[in-house]
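Student: Starting from these lines, generate the structure:
(3 chains)
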Amino acid sequence: MAVILITGGARSGKSRRAEMRTRAFPGQPVYVATAEALDTEMEARIAKHRARRGADWIEREVPLDLVGALVATDGGGARLVDCLTLWLSNLMHATRDWEREVTELAAALPRFKSPVVLVTNEVGLGIVPDNALARLYRDAAGTMNQTIADVADEVEFVVAGLPMKLK
Amino acid sequence: MAVILITGGARSGKSRRAEMRTRAFPGQPVYVATAEALDTEMEARIAKHRARRGADWIEREVPLDLVGALVATDGGGARLVDCLTLWLSNLMHATRDWEREVTELAAALPRFKSPVVLVTNEVGLGIVPDNALARLYRDAAGTMNQTIADVADEVEFVVAGLPMKLK
Amino acid sequence: MAVILITGGARSGKSRRAEMRTRAFPGQPVYVATAEALDTEMEARIAKHRARRGADWIEREVPLDLVGALVATDGGGARLVDCLTLWLSNLMHATRDWEREVTELAAALPRFKSPVVLVTNEVGLGIVPDNALARLYRDAAGTMNQTIADVADEVEFVVAGLPMKLK
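Tutor: Residues are numbered from 1 along each chain as shown, chains lettered A, B, ... in the order given. Predicted coordinates:
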């Protein structure tokens, strides 16, 4: 079934666009959150997203085992993964082998029965960060985005709430 | 009349593109600058923009009361607002309620008789800033851009001087 | 002959796209590297790019005299310049007059017999850097990208490995 990647900058309207694309599929939509409510800034953001989505979503909080969560929820409605860049950050903090995990996700995506809509961020269009860890992260994010875009059926780049079709 | 939003990165050719779009409307063009010449870096930039535009523009320097300036100049030639992200920054520094001001601008824009061309910046496509204030600002800029794009008749994203049509 | 500019963020797939475009021209391709292997991070990146490209490229390492290298290699296969933003950074570190060098490059490009594919980076879509030197650099990069895009026959913006045609 369909694999759709929605990319863009911070507060570009990616999540809203991804919610719309997810709801367009039949069945009860599943929200796969990679965020954990670890601080108040994150809590506020999660609450705001939930209020906008409405109460009719099945919710899963999955900081690390994304493929497992997609396997477990396959066969029902479309899944919205929000977002891949946070998942990557979680993997790196947990010192997991992110390259292997991204490769496994890319291999798994085309085999699911239910659609998957994935949100990610573009983080490589600013000045090169001073910080070596930040450089490592933005390189990893770029590599991940290319890998997932490669297996996606559709890729959209959202700017100011408006999607551009990349694929 | 027409509301046109021109977005893009720093030195992407947004202002030049916006000047061209503004001049294409009949009447004497109005330049609504949200910048104040507070330091020499900013002074130099303002002087450079003015030299390129030419002397035939009516000029208004409006750091905060943008809607007021657009009301006051309505009925004549097209207005070029350069730029919204600096206006947002001015509002935040003055601890004004930026969300209300952005909502008021969005409500006012479709009602003007003379066209309005607005320049804004994409600031959310780099690494998440360390600084909480910078995160707040980039989130606010993203929200503002979505809100204004939503009421605009046309939206262009400029990269390397070349516009992509978003709407 | 053809002048093609490929722009995008870090790890967006620009180099791979540029390699593909360069190989599509007849003749032995020429790789004009503006990078010098000054540290291990850079060495690793250069080695990775070389492994992907394969051994059939003529290689030139040119940190500063880009126009000279393009003149010297003209008449054979297509040249891939990777990348302009690093060249700009080299010019600025060497306190060369980058504006003059960019103007000279723009003047030379349309006159070559062999095609030139140039890779550059978008660095102006994040938060304004605190650092004055970083601001100067991102302004210079934006100006350079506009200048080269202006003389290019084709310009592509690559996101997540996927090109958008700008020109």
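Student: From here on, just use CA atoms for contacts and neighbour counts.
Tutor: Will do.
Student: quick one: the nearest residue to A:Glu61 once chain neighbours are set aside from chain C, how far?
Tutor: Spatial nearest neighbour of A:Glu61, chain neighbours left out: A:Ala33 (4.8 Å); criterion: CA to CA, 6 or more residues apart in numbering or on different chains. Taking CA to the nearest CA, to the nearest Å as the criterion, A:Ala33 is separated from chain C by 22 Å.
Student: Measure how buried A:Ala33 is and give me the count.
Tutor: Using other CA atoms under 10 Å in any protein chain shown, A:Ala33 is surrounded by 20 other residues.
Student: I figured it hits A:Arg60, correct?
Tutor: Yes - counting by CA atoms under 8 Å, A:Ala33 sits close enough to A:Arg60 to count as a contact (6.0 Å).
Student: tell me which residues in stretch A:23-35 are buried?
Tutor: Under the neighbour-count criterion of 16 or more other CA atoms under 10 Å in any protein chain shown, stretch A:23-35 has A:23, A:29-35 buried.
Student: Need the distance between the two termini of it.
Tutor: Between the opening and closing residues of stretch A:23-35 we find a distance of 21 Å, counting by CA to CA, to the nearest Å.
Student: number of nearby residues for A:Val159?
Tutor: 29.
Student: For it, grab phi and psi.
Tutor: Dihedral pair for A:Val159: phi -130, psi 130, per degrees, to the nearest 10.
Student: if we can go back for a sec, can you tell me which of the buried residues of stretch A:23-35 are in helices?
Tutor: In helices, judged by DSSP state H, the following of these are found: A:Arg23.
Student: Which pair of the buried residues of stretch A:23-35 spans the longest distance?
Tutor: In those, the most distant members under the criterion CA to CA are A:Arg23 and A:Ala35, with 20.7 Å between them.
Student: So which bits of chain A are right by chain C?
Tutor: For chain A, the residues found near chain C under the criterion CA under 8 Å from any CA of the partner chain are A:123-128, A:138-139, A:142-143, A:145-146, A:149-150, A:157, A:166-167.
Student: out of those residues, which are inside strands?
Tutor: The members of those that map onto strands under DSSP state E are A:Phe157.
Student: out of the residues of chain A next to chain C, which touch chain B?
Tutor: Among the residues of chain A next to chain C, the ones lying close to chain B by the criterion of CA under 8 Å from any CA are A:123-127, A:138.
Student: where does chain A have its least confident helix or strand?
Tutor: Among the helices and strands of chain A, helix A:40-53 carries the lowest confidence by mean pLDDT, DSSP states H and E, at a mean of 81.
Student: all strands of chain A, in order?
Tutor: If DSSP E is used as the criterion, the strands of chain A fall at A:3-8, A:30-33, A:58-61, A:79-82, A:116-119, A:154-159, A:162-165.
Student: Using TSV, lay out these together with mean pLDDT.
Tutor: Shown next, in TSV, are the strands of chain A (pLDDT from 0 to 100):
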stretch	mean pLDDT
strand A:3-8	98
strand A:30-33	96
strand A:58-61	94
strand A:79-82	97
strand A:116-119	98
strand A:154-159	98
strand A:162-165	98
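Student: Compare those and give me the one nearest B:Thr7.
Tutor: With CA to CA as the criterion, B:Thr7 lies closest to strand A:154-159 of those, at 8.9 Å.
Student: Now do that closest one against strand C:154-159, angle only.
Tutor: For strand A:154-159 against strand C:154-159, the angle by axes from the mean of the first three to the mean of the last three CA atoms, to 10 degrees is 100 degrees.
Student: buried stuff in strand A:154-159?
Tutor: Judged by neighbour count (16+ other CA under 10 Å), strand A:154-159 contains these buried residues: A:154-159.
Student: okay, among the residues you listed, which ones form the most distant pair?
Tutor: Longest distance between any two of the buried residues of strand A:154-159 is 16.5 Å, between A:Glu154 and A:Val159; criterion CA to CA.
Student: low pLDDT regions in chain A?
Tutor: By pLDDT under 70, the low-scoring segments of chain A are A:1.
Student: Any idea which residue is closest to the centre of it?
Tutor: The C-alpha lying nearest the average C-alpha coordinate of chain A belongs to A:Cys83 (CA atoms, centre = their mean; 2.8 Å).
Student: Please name the nearest non-neighbouring residue to that one.
Tutor: Once its chain neighbours are removed from consideration, A:Cys83 has its nearest residue in A:Val119; the separation is 4.8 Å (CA to CA, 6+ apart).
Student: Close to chain B: what parts of chain A are there?
Tutor: The interface of chain A toward chain B, taken as CA under 8 Å from any CA, is made up of A:8-13, A:121-127, A:129, A:134, A:138, A:159-164.
Student: Which among the residues you listed count as buried?
Tutor: With neighbours counted by 16+ other CA under 10 Å, the residues of chain A next to chain B contain buried members at A:8-13, A:121-127, A:129, A:138, A:159-164.
Student: out of those, which are inside helices?
Tutor: Going by DSSP H, the helices hold A:Arg138 from these.
Student: which residues touch the residue sitting furthest away from the middle of chain A?
Tutor: Note on chain A: the largest separation between a C-alpha and the mean C-alpha position, by CA atoms, centre = their mean, falls on A:Asp130 (26.3 Å). The contact partners of A:Asp130, by CA atoms under 8 Å, 6 or more residues apart in numbering or on different chains, come to none.
Student: Was I right to think A:Asp125 contacts C:Thr120?
Tutor: Residue A:125: Leu, not Asp. No - counting by CA under 8 Å, A:Leu125 sits too far from C:Thr120 to count as a contact (11.3 Å).
Student: Overlap in contacts, those two.
Tutor: With CA under 8 Å, 6+ apart applied, the overlap between the contact sets of A:Leu125 and C:Thr120 consists of C:Gly8.
Student: Tell me which residues touch the residue lying closest to A:Leu109 once chain neighbours are set aside, please.
Tutor: What sits nearest to A:Leu109 in space, not counting adjacent residues and going by CA to CA, 6+ apart, is A:Val3, at 6.8 Å. Residues near A:Val3 by CA under 8 Å, 6+ apart: A:109-110, A:115-118, A:151-154.
Student: Kindly recompute the last result at 10 Å.
Tutor: Residues counted as contacts of A:Val3 (CA atoms under 10 Å, 6 or more residues apart in numbering or on different chains) are A:78-79, A:109-112, A:114-118, A:148-149, A:151-155.
Student: Out of those, which end up buried?
Tutor: Taking 16+ other CA under 10 Å as the criterion, what is buried in the contacts of A:Val3 is A:78-79, A:109-110, A:112, A:114-118, A:148-149, A:151-152, A:154-155.
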